[in-house]
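In: got a sequence here, can you build the structure:
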Amino acid sequence: MNLLENIFNYILDFGAPVFVPLIMILVGLIVRMKFREAFSAGLTLGLAFVGMNMVVGFMMNSISPAAQQFVTNTGIELTAIDAGWTPMATLSWAWPLAFFMFPIQITINLIMLMIKQTNTLNVDLWNVWGKIFTAVLVIGVSGSVSLAFIVASIQVIVELKLADVNKQQIERLTQIPGVTTTHGMTLFCVILWPFNKILDLIPGLNDRHIDVDWLKEKLGIFAENHVMGFIIGLLIGIFAQYNPQEILILGVQSAAALTLFPMVAKLFMQALAPLSDAVSEYMRRKFSGRDIYIGLDWPFLAGRNEIWVTTIVLIPLILGLAVLLPGNMILPFAGIINLSVAVPALIVTGGNLLRMILLCVLMTPVFLYIATFFAPTITNLAKDTGAIDVATGTFISWSSLELPVYRYIFAYATDVINGQMFGFIGAIVWIGLFVWYYKGMKKRNERFDQEEKKGQVA
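Out: Numbering: from 1, shown residues only. So this is what the prediction gives:
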């Protein structure tokens, strides 16, 4: 067992840009792709991951200092450090039982495929750490290892079901066929859904789809990626009280990032199109015409600039709420670009920029409060495992904690033995919202099908 664990850890150390393409090359060979085609597609996918990580890192490295400068100017002092996702992954892998999550995820996926409860093959095994992190948080709250595995297993199932029902919306957004995302952040779609339905009732929001293309049509050059990025960068620099030189530099950096995102996203399409075609053709031959989708990490959605406009617009609001919200302990820094809310909002709204911003504004306090709630738990786990050094008198957490409501509610639910009924009731409500979302997205997909048939007839 130790040998197998060491092998997996060695492969995982390559990171997603190497690990996921290796899996995809293997899948390509299984579905009878020629080696040169499978290798080319897998390598291109690796390039896409590297490119997207470089652009995301470039944007965060440009904007985060501006946010930090704002904090310095205000003299804010909060006790919980926003460490971001990397230390959380480190903490997850420090759990002695972490390795067992691999066979659990793979087995659940294969069983659900065989009994036709999913059409998604999740190849994003690198992000298994998200399930491990959920289990670690459950243990931190309730101390139960068995319940931790149960909650993490439920997450695996829900991720696959959401990947199925979101696939059609994702294809419309990315124009990449046969691909969906199995990333855990999609669980937040369940929470956003009721609020998006409320927006349906508001005049002006229920009959207008405002995305980046709409802005380009109405605003002309001011909505072009590079100009829009430049303007947003200038505003953030002014907000941080930068000098004129620094403001202009940040403006150009932001313009570069928003220009490069769609370019890099095209690499995902170039890599995934032949792979998805080969998988679909193989499955149709082997399983009587059944379509199987490839489940991936979220970055292939990053070509939609609505994500980046939304996250950047949110920055001053996140910092302002961190100061004003009573009881908040965390100062957003590493998680200041909150993709954990923007990506689900993209899917739920179908890329409606105005709705995305409104939903993300409403949900920002949820992220801050749940990050605050988990700060003592994460800090204690870090100290117990010795995986992360935490200074005395401080806490660590993650301001853009992925799937925060699911983790909060189900961690509390496992503590029912100590009289914590709130979590148990919350879990029932969450499951009800999941069913509502699933049925709602299925109806949306049926509407898409009808629109496509009408378009073909026309």
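In: from here on, contacts and neighbour counts on C-alpha atoms
Out: Fine.
In: run a quick neighbour tally on Val343.
Out: By the criterion of other CA atoms under 10 Å, Val343 has 26 neighbours.
In: that one contacts Ile307, correct?
Out: Yes. If you go by CA atoms under 8 Å, Val343 and Ile307 touch, sitting 6.4 Å apart.
In: name the SS class of the residue most central in space within the chain, please.
Out: Closest residue to the average C-alpha location of the chain: Met185 at 3.9 Å, with CA atoms, centre = their mean. State at Met185, reduced to three classes by DSSP: H, G, I helix; E, B strand; the rest coil: helix.
In: where's Thr377 relative to Gly178, distance?
Out: According to CA to CA, to the nearest Å, Thr377 stands 39 Å off from Gly178.
In: cool, Lys439 as well?
Out: Distance of Lys439 to Gly178, given as CA to CA: 21 Å.
In: could you do Ala375 as well?
Out: Distance, Ala375 to Gly178, using CA to CA: 39 Å.
In: again, but for Gly393
Out: Per CA to CA, Gly393 is found 49 Å from Gly178.
In: ok, these two, which is more surrounded?
Out: Gly178 (24 against 7).
In: so that one is in contact with Leu296, correct?
Out: No. The criterion here is CA under 8 Å, and Gly178 misses it with Leu296 at 10.8 Å.
In: for stretch 20-31, buried residues please.
Out: 20-22, 24-29, 31 (16 or more other CA atoms under 10 Å).
In: closest to Met329 among the residues you listed?
Out: Distance to Met329, by CA to CA, is smallest for Val20 among the buried residues of stretch 20-31, at 36.2 Å.
In: can you tell me the closest non-neighbouring residue to that closest one?
Out: Nearest residue to Val20 in three dimensions, chain neighbours excluded: Asp124, at 6.3 Å (CA to CA, 6 or more residues apart in numbering).
In: that neighbour: neighbour count?
Out: Neighbours of Asp124 under the rule other CA under 10 Å: 21.
In: isn't it right up against Asp297?
Out: Yes. Counting by CA under 8 Å, Asp124 does reach Asp297; the two are 5.9 Å apart.
In: please enumerate the shared neighbours of the two.
Out: 182-183 (CA atoms under 8 Å, 6 or more residues apart in numbering).
In: any idea how far Pro87 lies from Gly140?
Out: Pro87 is 16 Å from Gly140, by CA to CA.
In: pretty sure Asn338 contacts Trp398?
Out: No. Using CA under 8 Å, Asn338 makes no contact with Trp398, being 10.4 Å away.
In: pick out whichever of the two has more residues nearby.
Out: Trp398 (30 against 25).
In: phi and psi next, for that one.
Out: Torsion angles at Trp398 (phi, psi; degrees, to the nearest 10) stand at phi -150, psi 110.
In: and it, what does it touch?
Out: 81-85, 88, 332, 334-335, 371.
In: please apply the same query to Ile104.
Out: Ile104 neighbours (CA under 8 Å, 6+ apart): Ser153.
In: tell me the secondary structure for it?
Out: helix.
In: mind checking how far it is from Ile81?
Out: The gap separating Ile104 from Ile81 is 32 Å, by CA to CA.
In: continuing past the worst-scoring helix or strand of the chain on mean pLDDT, what's the next helix or strand?
Out: Taking mean pLDDT, DSSP states H and E as the measure, the helix or strand of the chain with the lowest value is helix 212-219, at a mean of 59. Using DSSP states H and E, the helix or strand that follows helix 212-219 in sequence is helix 225-239.
In: list the helices and strands that next one packs on?
Out: Helix 225-239 sits against helix 35-74, helix 244-286, helix 305-324, with contacts defined as 3 or more CA pairs under 8 Å, 6 or more residues apart in numbering; DSSP states H and E.
In: got the angle for the second one vs helix 35-74?
Out: Meaning helix 244-286. 150 degrees (axes from the mean of the first three to the mean of the last three CA atoms, to 10 degrees).
In: now do helix 244-286: which elements does it pack against?
Out: helix 16-30, helix 35-74, helix 225-239, strand 293-296, helix 305-324.
In: dump the ones you listed into CSV; add mean pLDDT as well.
Out: Formatted as CSV, these follow (pLDDT from 0 to 100):
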stretch, mean pLDDT
helix 16-30, 78
helix 35-74, 76
helix 225-239, 74
strand 293-296, 88
helix 305-324, 85
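In: those: which one's closest to Ala163?
Out: Nearest of these (CA to CA): strand 293-296, 7.0 Å.
In: partner strands of the closest one and their direction?
Out: Strand 293-296 sits in its sheet next to strand 120-122 (parallel), strand 179-181 (parallel), going by DSSP bridges.
In: which residues touch it?
Out: Outside strand 293-296, the residues that reach it (CA under 8 Å, 6+ apart) are 119-124, 163-164, 167, 178-183, 276, 280.
In: let's see it at 10 Å
Out: 20, 24, 27, 118-127, 159-160, 163-164, 167, 177-183, 272, 275-277, 279-280, 283 (CA atoms under 10 Å, 6 or more residues apart in numbering).
In: re the thing from before, I'd like the helices and strands packed on helix 244-286 as a markdown table, with distance to Asn109 appended.
Out: Formatted as a markdown table, the helices and strands packed on helix 244-286 follow (distance: least, CA to CA, whole Å):
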| stretch | distance to Asn109 |
| --- | --- |
| helix 16-30 | 15 |
| helix 35-74 | 22 |
| helix 225-239 | 39 |
| strand 293-296 | 11 |
| helix 305-324 | 29 |
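In: work out for me the element Pro96 sits within.
Out: Per DSSP H and E, there is no helix or strand for Pro96.
In: please identify the most buried of the helices and strands packed on helix 244-286.
Out: Ranked by mean neighbour count, the helices and strands packed on helix 244-286 are led by strand 293-296 with a mean of 24 (mean count of other CA atoms under 10 Å).
In: give me the phi and psi for Gly84.
Out: Dihedral angles of Gly84 (phi, psi; degrees, to the nearest 10) stand at phi 80, psi -170.
In: surely it is in contact with Ser397?
Out: Yes. Contact criterion CA atoms under 10 Å: Gly84 and Ser397 qualify, at 7.5 Å.
In: lovely, talk soon.
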